[in-house]
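Trainee: mind folding the following:
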Amino acid sequence: MKLKNISFFVIVFLSLTACRGERKKIEKHEWSDNHSVDYNQEINEREQIQINLFLAHFSSLKMKLTDSGLRYMIYQEGTVGPLAKTGQTATIRVKVETLDGRLCYETEKEQTESFAIDKSEKESGIHEALKLMKVGDKAKLILPSYLGHGLLGDRETIPPLAVLYIDLELINLK
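Mentor: Next comes the predicted model:
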(Lines give C-alpha, C1' and ligand atoms only; values in the text may rest on other atoms or scores of the structure.)
Protein backbone atom coordinates (compact mmCIF):
# COMPACT_ATOMS: atom_id res chain seq x y z
CA MET A 1 0.00 0.00 0.00
CA LYS A 2 2.88 2.35 0.79
CA LEU A 3 4.33 1.61 -2.62
CA LYS A 4 1.05 2.64 -4.29
CA ASN A 5 0.97 5.92 -2.36
CA ILE A 6 4.60 6.65 -3.20
CA SER A 7 3.98 5.84 -6.87
CA PHE A 8 0.98 8.13 -6.89
CA PHE A 9 2.94 11.02 -5.38
CA VAL A 10 5.85 10.48 -7.78
CA ILE A 11 3.49 10.59 -10.76
CA VAL A 12 1.80 13.75 -9.49
CA PHE A 13 5.17 15.38 -8.74
CA LEU A 14 6.54 14.53 -12.19
CA SER A 15 3.42 15.74 -13.98
CA LEU A 16 3.54 19.06 -12.15
CA THR A 17 7.24 19.67 -12.68
CA ALA A 18 7.76 18.11 -16.11
CA CYS A 19 6.26 21.02 -18.04
CA ARG A 20 8.28 23.68 -16.30
CA GLY A 21 10.59 24.27 -19.22
CA GLU A 22 11.55 27.72 -20.36
CA ARG A 23 8.52 29.58 -21.68
CA LYS A 24 8.67 31.59 -24.83
CA LYS A 25 7.53 35.15 -24.57
CA ILE A 26 4.48 35.90 -26.66
CA GLU A 27 4.82 39.07 -28.65
CA LYS A 28 2.01 41.47 -28.13
CA HIS A 29 0.97 43.61 -31.08
CA GLU A 30 -0.75 46.84 -30.31
CA TRP A 31 -3.62 47.89 -32.57
CA SER A 32 -3.23 51.48 -33.65
CA ASP A 33 -5.30 54.08 -35.43
CA ASN A 34 -3.15 53.44 -38.51
CA HIS A 35 -4.16 49.76 -38.45
CA SER A 36 -7.82 50.80 -38.37
CA VAL A 37 -7.37 53.22 -41.26
CA ASP A 38 -5.53 50.62 -43.35
CA TYR A 39 -8.17 47.98 -42.59
CA ASN A 40 -11.04 50.30 -43.53
CA GLN A 41 -9.30 51.35 -46.74
CA GLU A 42 -8.81 47.73 -47.73
CA ILE A 43 -12.47 46.93 -47.07
CA ASN A 44 -13.56 49.97 -49.09
CA GLU A 45 -11.32 49.01 -52.02
CA ARG A 46 -12.74 45.48 -52.07
CA GLU A 47 -16.31 46.78 -51.94
CA GLN A 48 -15.64 49.24 -54.77
CA ILE A 49 -14.38 46.35 -56.91
CA GLN A 50 -17.58 44.40 -56.12
CA ILE A 51 -19.74 47.41 -56.97
CA ASN A 52 -17.90 48.14 -60.23
CA LEU A 53 -18.21 44.51 -61.34
CA PHE A 54 -21.93 44.56 -60.51
CA LEU A 55 -22.45 47.79 -62.48
CA ALA A 56 -20.43 46.43 -65.42
CA HIS A 57 -22.70 43.38 -65.49
CA PHE A 58 -25.89 45.47 -65.20
CA SER A 59 -24.99 48.22 -67.64
CA SER A 60 -28.58 49.51 -67.74
CA LEU A 61 -28.07 50.94 -64.24
CA LYS A 62 -26.93 54.53 -64.77
CA MET A 63 -26.15 55.44 -61.19
CA LYS A 64 -24.92 58.71 -59.75
CA LEU A 65 -22.29 58.72 -57.01
CA THR A 66 -22.53 60.97 -53.94
CA ASP A 67 -19.59 62.17 -51.85
CA SER A 68 -20.40 59.60 -49.18
CA GLY A 69 -20.16 56.69 -51.62
CA LEU A 70 -23.89 56.12 -52.10
CA ARG A 71 -24.83 55.16 -55.65
CA TYR A 72 -28.38 55.88 -56.72
CA MET A 73 -30.61 56.04 -59.76
CA ILE A 74 -34.14 57.42 -59.74
CA TYR A 75 -35.85 55.20 -62.29
CA GLN A 76 -39.40 56.50 -61.86
CA GLU A 77 -40.20 60.16 -61.25
CA GLY A 78 -42.93 60.97 -58.78
CA THR A 79 -44.84 64.17 -58.24
CA VAL A 80 -43.39 67.58 -58.75
CA GLY A 81 -42.61 68.82 -55.29
CA PRO A 82 -39.90 69.43 -52.77
CA LEU A 83 -37.21 66.93 -51.87
CA ALA A 84 -37.52 65.12 -48.57
CA LYS A 85 -35.85 66.81 -45.59
CA THR A 86 -34.35 65.84 -42.25
CA GLY A 87 -37.02 65.43 -39.59
CA GLN A 88 -39.88 64.65 -41.97
CA THR A 89 -41.62 61.32 -41.58
CA ALA A 90 -41.08 59.24 -44.69
CA THR A 91 -43.41 56.43 -45.67
CA ILE A 92 -41.64 53.95 -47.92
CA ARG A 93 -41.63 50.53 -49.52
CA VAL A 94 -38.24 48.88 -49.71
CA LYS A 95 -36.56 45.73 -50.97
CA VAL A 96 -33.05 45.01 -49.68
CA GLU A 97 -30.75 42.46 -51.31
CA THR A 98 -27.05 41.73 -51.33
CA LEU A 99 -25.19 42.26 -54.60
CA ASP A 100 -25.32 38.53 -55.27
CA GLY A 101 -29.13 38.68 -55.28
CA ARG A 102 -29.84 37.26 -51.83
CA LEU A 103 -33.05 38.81 -50.47
CA CYS A 104 -32.51 40.25 -46.98
CA TYR A 105 -35.90 41.81 -46.40
CA GLU A 106 -38.79 43.39 -48.27
CA THR A 107 -41.83 45.44 -47.35
CA GLU A 108 -44.95 43.34 -47.89
CA LYS A 109 -47.05 44.18 -50.99
CA GLU A 110 -49.68 46.36 -49.34
CA GLN A 111 -47.59 47.37 -46.34
CA THR A 112 -45.35 50.41 -45.80
CA GLU A 113 -42.71 51.51 -43.32
CA SER A 114 -42.61 54.96 -41.71
CA PHE A 115 -39.76 56.67 -39.88
CA ALA A 116 -38.26 60.11 -39.30
CA ILE A 117 -35.51 60.98 -41.77
CA ASP A 118 -32.08 61.13 -40.06
CA LYS A 119 -33.70 60.27 -36.73
CA SER A 120 -34.11 56.50 -36.86
CA GLU A 121 -32.08 53.31 -36.94
CA LYS A 122 -32.69 52.78 -40.68
CA GLU A 123 -29.59 52.38 -42.87
CA SER A 124 -27.83 55.76 -43.21
CA GLY A 125 -27.64 55.27 -46.98
CA ILE A 126 -31.45 55.13 -47.14
CA HIS A 127 -31.70 58.38 -45.17
CA GLU A 128 -29.27 60.03 -47.59
CA ALA A 129 -31.13 58.70 -50.64
CA LEU A 130 -34.50 59.90 -49.37
CA LYS A 131 -33.19 63.48 -49.23
CA LEU A 132 -32.57 63.16 -52.99
CA MET A 133 -36.14 62.04 -53.67
CA LYS A 134 -39.66 63.45 -53.98
CA VAL A 135 -42.95 61.75 -53.14
CA GLY A 136 -43.65 59.05 -55.72
CA ASP A 137 -40.02 58.59 -56.76
CA LYS A 138 -38.63 55.09 -57.08
CA ALA A 139 -34.88 54.57 -56.87
CA LYS A 140 -32.26 51.86 -57.04
CA LEU A 141 -29.44 52.23 -54.51
CA ILE A 142 -26.11 50.58 -53.86
CA LEU A 143 -24.87 51.03 -50.30
CA PRO A 144 -21.32 50.14 -49.35
CA SER A 145 -21.29 48.35 -45.99
CA TYR A 146 -20.45 51.52 -44.05
CA LEU A 147 -23.73 53.09 -45.27
CA GLY A 148 -25.66 49.92 -44.49
CA HIS A 149 -25.02 47.61 -41.57
CA GLY A 150 -21.24 47.74 -41.42
CA LEU A 151 -18.85 45.28 -39.89
CA LEU A 152 -21.43 43.09 -38.13
CA GLY A 153 -24.44 43.10 -40.44
CA ASP A 154 -27.82 43.15 -38.75
CA ARG A 155 -27.19 39.78 -37.03
CA GLU A 156 -30.34 38.38 -38.67
CA THR A 157 -30.49 38.47 -42.47
CA ILE A 158 -27.80 40.94 -43.56
CA PRO A 159 -24.31 39.44 -43.40
CA PRO A 160 -21.25 41.28 -42.08
CA LEU A 161 -19.66 43.76 -44.50
CA ALA A 162 -22.50 43.37 -47.00
CA VAL A 163 -22.84 45.74 -49.94
CA LEU A 164 -26.58 46.27 -50.33
CA TYR A 165 -28.67 46.66 -53.48
CA ILE A 166 -31.92 48.43 -52.60
CA ASP A 167 -35.13 49.25 -54.43
CA LEU A 168 -36.75 52.20 -52.62
CA GLU A 169 -40.11 53.91 -53.18
CA LEU A 170 -41.02 57.13 -51.36
CA ILE A 171 -44.79 56.90 -50.80
CA ASN A 172 -45.44 59.93 -48.60
CA LEU A 173 -43.83 62.71 -46.53
CA LYS A 174 -45.22 64.45 -43.47
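Trainee: part of a strand, is Tyr105?
Mentor: Yes - remark: Tyr105 belongs to a strand, assigned using DSSP: H, G, I helix; E, B strand; the rest coil.
Trainee: which one is it nearest to, not counting chain neighbours?
Mentor: Val96 (5.3 Å; CB to CB, 6 or more residues apart in numbering). For every residue, glycine as well, the C-beta is placed using N, CA and C.
Trainee: and that neighbour, bridged to which residues?
Mentor: Tyr105, Ile166 (DSSP bridges).
Trainee: what is the burial count for it?
Mentor: 25 (other CB atoms under 10 Å).
Trainee: name the spans of the protein whose pLDDT lies under the cut-off.
Mentor: In the predicted model, the chain carries pLDDT under 70 at residues 1-10, 12-25.
Trainee: contacts for the longest helix anywhere in it, please.
Mentor: The longest helix of the chain (DSSP state H) is helix 33-57. With CB atoms under 8 Å, 6 or more residues apart in numbering as the test, helix 33-57 has contacts from 61, 63, 69, 71, 99, 142, 144-146, 161, 163, 165.
Trainee: which helices and strands does the helix or strand just after it pack with?
Mentor: Reading on from helix 33-57 to the C-terminus, the next helix or strand found by DSSP states H and E is strand 64-65. Packing partners of strand 64-65 (3 or more CB pairs under 8 Å, 6 or more residues apart in numbering; DSSP states H and E): strand 71-76.
Trainee: just checking: what are the partner strands of the strand it packs on?
Mentor: strand 64-65 (antiparallel), strand 138-143 (antiparallel).
Trainee: could you identify the most distant pair in the contacts of helix 33-57?
Mentor: The largest separation in those, counting by CB to CB, is between Leu61 and Leu161 at 21.7 Å.
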